[in-house]
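Colleague: sequence first, then the predicted structure:
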Amino acid sequence: DLTALRHRLSDEPIEAGCPCYACRHFTRGYLRHLYKAGELLAHRLTSLHNIRYLISLTQDIREALASGTYRELRKAFFATYPPIRGYTGETR
């Protein structure tokens, strides 16, 4: 939640090491300011970050499927990003 007060003075990117335009050029503090000011740029920049994240995740899934390591990738993903309530992450 980039609108949280803890990000007010943050000079960190949305995600450390992320190569997206938003993370390379803007800080959490600045993005928080944009959200609080009602600037549409906030939504555009976070969308760029989210799209880059999804592209990267998709690439990782494809590589894991090709190498037979998908179960390990899925386990690591859910250890980092716990599933939402009611979703177990299990496949049939």
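Modeller: Ah, there it is.
Colleague: which helix or strand in the chain has the lowest average pLDDT?
Modeller: helix 70-80 (a mean of 93; mean pLDDT, DSSP states H and E).
Colleague: what packs against that helix?
Modeller: helix 40-67 (3 or more C-beta pairs under 8 Å, 6 or more residues apart in numbering; DSSP states H and E). Heads up, the C-betas are built off the backbone N, CA and C, glycines and all.
Colleague: I'd like the mean pLDDT over the helix it packs on, please.
Modeller: Helix 40-67 shows a mean pLDDT of 97.
Colleague: buried stuff in that helix?
Modeller: Ala42, Leu45, Thr46, Leu48, His49, Arg52, Ala64 (16 or more other C-beta atoms under 10 Å).
Colleague: who touches the fifth one in this structure?
Modeller: Meaning His49. Contacts for His49 (C-beta atoms under 8 Å, 6 or more residues apart in numbering) come out as Ile14, Glu15, Cys18, Cys20, Ala22, Cys23.
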